[in-house]
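Asker: what's the 3D shape of this:
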Amino acid sequence: MFLLCSDPLRSGEKAVVVATKPGWTEDELRAIVEADGNALVCTHRNDKFSRHDGPATTAVSIQLISPANDVDITKYAKERSVLVRETPELYEAA
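Answerer: As a prediction, this is how the structure comes out:
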C-alpha cells in the first residue's frame, strides 16, 4: 500500500509511506480458524456462507521516505495499466 502524506518529524515535508504485510502461511491460518474460543467475529451469515473478521495483526513492514521528491512519489504511485490482447485479426486489419 502506498500513501503520500506529510512527515510530522520534518516540518510537514512530503513523505511516501509504503506498507507491506507478508502473506499467511497455512499453519498461521489454521491456528486462527481452529483455535479453541477463536477470535473470529461473524459479520454476515447467509445459507452456507459466512464472513468473519479475524484478529488484528501487527506483522506489517513500513518504509518511510522523507523528504520525498517527485521521483519517489512517481515510483510508488499506482499507474493505470492497459492490457492488449494480440490476435491474428489485429494483424490482418493492419
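Asker: what's the average pLDDT for the biggest helix by length in the chain?
Answerer: Determined from DSSP state H, the single longest helix within the chain is helix 26-34. Computed over helix 26-34, the mean pLDDT rounds to 80.
Asker: now do that helix: distance to the chain's middle.
Answerer: Relative to its chain's centre, helix 26-34 lies at 21 Å (CA atoms, centre = their mean, to the nearest Å).
Asker: buried residues in it?
Answerer: Of the residues in helix 26-34, Ile32 count as buried by neighbour count, 16 or more other CB atoms under 10 Å. In this view, the C-beta of every residue, glycine as well, is placed from N, C-alpha and C.
Asker: please name every helix or strand in contact with that helix.
Answerer: The helices and strands touching helix 26-34, judged by 3 or more CB pairs under 8 Å, 6 or more residues apart in numbering; DSSP states H and E, number zero.
Asker: using CSV, write out the CA atom coordinates for it.
Answerer: What follows is helix 26-34, C-alpha atoms only, in CSV (Å, rounded to 0.1, in the frame of the first residue of the first chain):
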residue,chain,number,x,y,z
GLU,A,26,-1.3,-22.4,6.2
ASP,A,27,-0.2,-23.0,9.8
GLU,A,28,-1.0,-19.4,10.8
LEU,A,29,-4.4,-19.5,9.2
ARG,A,30,-5.2,-22.9,10.6
ALA,A,31,-4.2,-21.7,14.1
ILE,A,32,-6.7,-18.8,13.9
VAL,A,33,-9.6,-20.8,12.5
GLU,A,34,-9.2,-23.9,14.6
